[in-house]
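In: everything below, folded, please.
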Amino acid sequence: MILVVIPREPRPDAPYWPGRKVLASLDAVGWPLAWVVVAYQIPDVGRGVNMVVFVAVLCAVFRLSGAIFANHRYWFTTWWVLRALAVLLLVGFVMKLALWASTIGY
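Out: Numbering: from 1, shown residues only. Next up is the predicted model:
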């Protein structure tokens, strides 16, 4: 068996615009903070919440350092999540449309 590894080209630098560092910092800290909020909403988790908080703080620190010091390499997580949600919403809409079309006899 032969394994061939083809390296991918690195992503190009993200375009810079005024206010990008501030929004990147909010994005970098906001998602781990959302993990912590969700973890505290789950009842009877026990010590698992402490682990989630610890990992979220570590992720927030590393993401924040990347957002501030390597801003040209930071890509927003919010865009990725919104794109995924938009695809799910579109799939749900098409399914609802197909169900509606099947009930009226098409």
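In: need the longest helix for the protein.
Out: Scanning the chain for the longest helix, with DSSP state H as the assignment, gives helix 77-103.
In: and that one, what does it pack against?
Out: helix 20-41 (3 or more C-beta pairs under 8 Å, 6 or more residues apart in numbering; DSSP states H and E). Glycine gets a C-beta too; all of them are placed from N, C-alpha and C.
In: residue ranges with poor pLDDT in this structure?
Out: 105-106 (pLDDT under 70).
In: in it, which residue is most central in space?
Out: Most central in the chain under C-alpha atoms, centre = their mean is Thr77, positioned 4.0 Å from the mean C-alpha point.
In: contact partners for that residue?
Out: Asp27, Trp31 (C-beta atoms under 8 Å, 6 or more residues apart in numbering).
In: what do you get for Tyr40?
Out: Tyr40 is in contact with Val49, counting by C-beta under 8 Å, 6+ apart.
In: can you tell me the SS state at Val53?
Out: helix (DSSP: H, G, I helix; E, B strand; the rest coil).
In: quick one: it and Leu33 touch, right?
Out: No - in this structure, Val53 is not within contact of Leu33 by C-beta atoms under 8 Å, at 10.2 Å.
In: the longest helix of the chain versus helix 20-41: what angle between them?
Out: 60 degrees (axes from the mean of the first three to the mean of the last three C-alpha atoms, to 10 degrees).
In: neighbours of Arg63, how many?
Out: Arg63 is flanked by 20 other residues according to other C-beta atoms under 10 Å.
In: repeat that for the one 3 residues further on.
Out: When counting by other C-beta under 10 Å, one arrives at 15 neighbours for Gly66.
In: I'd say it and Tyr74 touch.
Out: Yes - under the criterion of C-beta under 8 Å, Gly66 makes contact with Tyr74 at 5.2 Å.
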